[in-house]
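In: Make a model of this:
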Amino acid sequence: MAVTPIPTAPAESGADSAREGLARQSRWRRCRRRHAAAALALATAVAGMLHYLAARHYGRWDFSRAGFYRLSTKTENLLAALTDDVEITVLLKGGHPDRDDVQNLLREYQLRSPHIRIARIDPDRDPARMEQLLRRVPVTDPNVVIFAVGDRTRVVAEKEWIELEAKDPSAPKPEWRRRAFRGEAAFSSAIHSLVRSERPIVYFLEGNGEKSIESAEPGAGLSHLDRLIRQDNIETRTLRLDETRRVPSDAAALVMAGPRRRLPQPALDMIQDYLERQGRAILLLSSRTSTGLEELLRRWGVRVGDDIVIDPEQTLSGLEVVVGPYPEHPITAALGRVAAVFYRPRSVEPLAGGTEADRPRLMPLATTSARGWAETDFDEPTPRFDPGRDRPGPVTIALAIERGAAGLNVQLKPTRIVVFGDAEFVADGALRSANGDFFLGALHWLIERPELMGIAPKPIEEMRLVLTSRQRRQVAVWALLIWPGIFAAIGFAVRAVRRR
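Out: Numbers count the residues shown, from 1 in each chain. This is a model prediction of the structure:
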């Protein structure tokens, strides 16, 4: 009987096929690993090149609605022109409400210039560094920002970068809130004052009852204003024309702050001569006072009224005029929406007529509303507008005068004069809101320092979400029940599909 042999080839063929399949899978896995490694290496190389290019060529854009930390063109130009290293020390206690705003703003300064160096010290946590700093810069306020260029330093106090406003001005102890952030104006001014070598000199006239920069008496002294001027790297001096017999040749500007009696005619002649020689002056005039400056200003096209300006629409107690918004001018560009407060001012308005080629250009800086008027009856207990006697509004209470080759590329500078119908608004005890900025803006315009003008404060907006009790319940239901339930249902559905 013949025996049929059992074929073995198919079994061997199956084993070979299995081995080939395993080999293919192994080769495929190795190929995938190589591809993954190559892709990872390529991605790392691309990321490295992008990082290198971004470090050398980067751009920053602020898409926020308020642009709270966006720097002005003036600050960017100032930082671009820096050649000296500026050391900035932020001395703020932990938890200070302006800590983040100050640091974020200074970070923008540092990104714009390689010459900006920033150090941060917490007085409570770094007593050793604080003691070392006090040896070099004696400061009494624990919340300041210190700017240093070489051995020159400038301390910016908290009140210079923040604008406060009383929530209820009539309260005996009003609660204050942060109204506007003025950090850019304060910090740029500090840097500019340190890198600028020369210091212009501003003379304050004395001898005729003017308010004095050497006095701190409320209502009569200008010590606070003097400190603000010096912080902008401007030197202030007093001047008595009866002693010097002339306005000094190094005077960048002359200030007459509310003389209480008539100036002698020789003094008026010296002031007029100074102005005719491209002089610069700020005249602050008090109401119900004859000083002789009224006739002088008439030659420059200004009529100074013997009156008191009243505006029932823009007042707090009836004794002051709240100014704002302002006419367009380089002096008022930096004030924004922050109001200035004038105390019983007098009118200073352009005279009509005149067609001379060299006639001064008069530009209003502050006016009342249409409901305001210039009151001429000082004895009336309850002021009211008398048609035909009082002058109706809007009434100008501050203006700028310019005569000469303004804006032309010539060596001859124009004469510039700024006239305020009030001298009380810059006195100690009354220097609040935008009063100081108004005066400094006028002074910077006079001495031609536009780099410190046009940097407006950033309003601090409080974003509040007010919900009714019904709306709060709806938000709770959606946040605690509906949305979690939707995501839980999606999760269970995905799990069920995967288990099939």
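
In: where exactly do the helices run in the protein?
Out: With DSSP state H applied, the chain shows helices at 9-56, 73-80, 99-112, 127-136, 158-161, 183-195, 223-231, 241-244, 265-276, 293-298, 435-446, 469-477, 483-498, listed in chain order.

In: Would you enumerate the residues in contact with the closest residue to residue 263 other than its chain neighbours?
Out: The shortest distance from residue 263 to any residue other than its chain neighbours is 4.7 Å, reached at residue 292 (Cβ to Cβ, 6 or more residues apart in numbering). In this view, the C-beta of every residue, glycine as well, is placed from N, C-alpha and C. Listed by Cβ atoms under 8 Å, 6 or more residues apart in numbering, the contact set of residue 292 reads 262-263, 265, 268.

In: Look up how far residue 439 lies from residue 347.
Out: Between residue 347 and residue 439 the distance, using Cβ to Cβ, to the nearest Å, works out to 19 Å.

In: quick one: low-confidence ranges for the stretch 51-200 of the chain?
Out: Counting by pLDDT under 70, the ranges of the stretch 51-200 of the chain that qualify are 58-60, 63-66, 165-174, 197.

In: circling back to that earlier point, model confidence for the residue nearest to residue 263, exactly?
Out: The confidence metric pLDDT takes the value 93 at residue 292.

In: Return the backbone torsion pair for it.
Out: Reported as degrees, to the nearest 10, the phi and psi values for residue 292 are phi 90, psi -20.

In: Next one: it from residue 243, what distance?
Out: Using Cβ to Cβ, residue 292 is found at 19 Å from residue 243.

In: same question, residue 373
Out: Taken as Cβ to Cβ, the spacing of residue 373 relative to residue 243 amounts to 42 Å.

In: Nearest to residue 146, out of the contacts of residue 292: which one, please.
Out: Among the contacts of residue 292, residue 263 lies closest to residue 146 (Cβ to Cβ), at 42.6 Å.

In: Let me see the contact set for the closest one.
Out: When contacts are counted by Cβ under 8 Å, 6+ apart, residue 263 is found next to 208, 271, 291-293.

In: For it, give me the pLDDT.
Out: At residue 263 the predicted local confidence, pLDDT, stands at 94.

In: May I have the phi/psi pair for it?
Out: Listed backbone geometry of residue 263 is phi -70, psi 140, with angles given as degrees, to the nearest 10.

In: So for stretch 367-381, what gets flagged as buried?
Out: Across stretch 367-381, burial judged by 16 or more other Cβ atoms under 10 Å covers 367-369, 372-375.

In: again with stretch 234-248
Out: Neighbour-count burial for stretch 234-248 flags 234, 236, 239, 241, 247 (criterion: 16+ other Cβ under 10 Å).

In: Narrow those residues to those in strands?
Out: Residues of the buried residues of stretch 234-248 located in strands (DSSP state E): 236, 239.

In: Looking at the buried residues of stretch 234-248, spot the one nearest residue 363.
Out: The shortest distance between residue 363 and any of the buried residues of stretch 234-248, using Cβ to Cβ, involves residue 234 and amounts to 23.0 Å.

In: what about that closest one, distance to residue 192?
Out: From residue 234 to residue 192 the distance is 11 Å (Cβ to Cβ).

In: With residue 249 instead?
Out: To residue 192, residue 249 is 25 Å away according to Cβ to Cβ.

In: what about those two, which has more around it?
Out: Remark: of residue 249 and residue 192, residue 192 carries more neighbours, 19 against 7, as counted by other Cβ atoms under 10 Å.

In: gap between the more buried one and residue 231?
Out: Using Cβ to Cβ, one gets 11 Å for the distance from residue 192 to residue 231.

In: Equivalent analysis for residue 127, please.
Out: Counting by Cβ to Cβ, the gap from residue 127 to residue 231 is 28 Å.

In: who has more neighbours, the two?
Out: When residue 127 and residue 231 are compared for neighbours, residue 231 comes out ahead with 18 against 11, by other Cβ under 10 Å.

In: What residues does the more buried one make contact with?
Out: Residue 231 sits in contact with 154, 156, 160, 189-190, 193, where contact means Cβ under 8 Å, 6+ apart.

In: didn't residue 89 look like it was pressed against residue 132?
Out: No. With the criterion set as Cβ atoms under 8 Å, residue 89 and residue 132 do not qualify as a contacting pair; they are 10.8 Å apart.

In: Looking at these two, which one has more neighbours?
Out: Set side by side, residue 89 and residue 132 show unequal neighbour counts under other Cβ under 10 Å, the larger going to residue 89 at 21 against 11.
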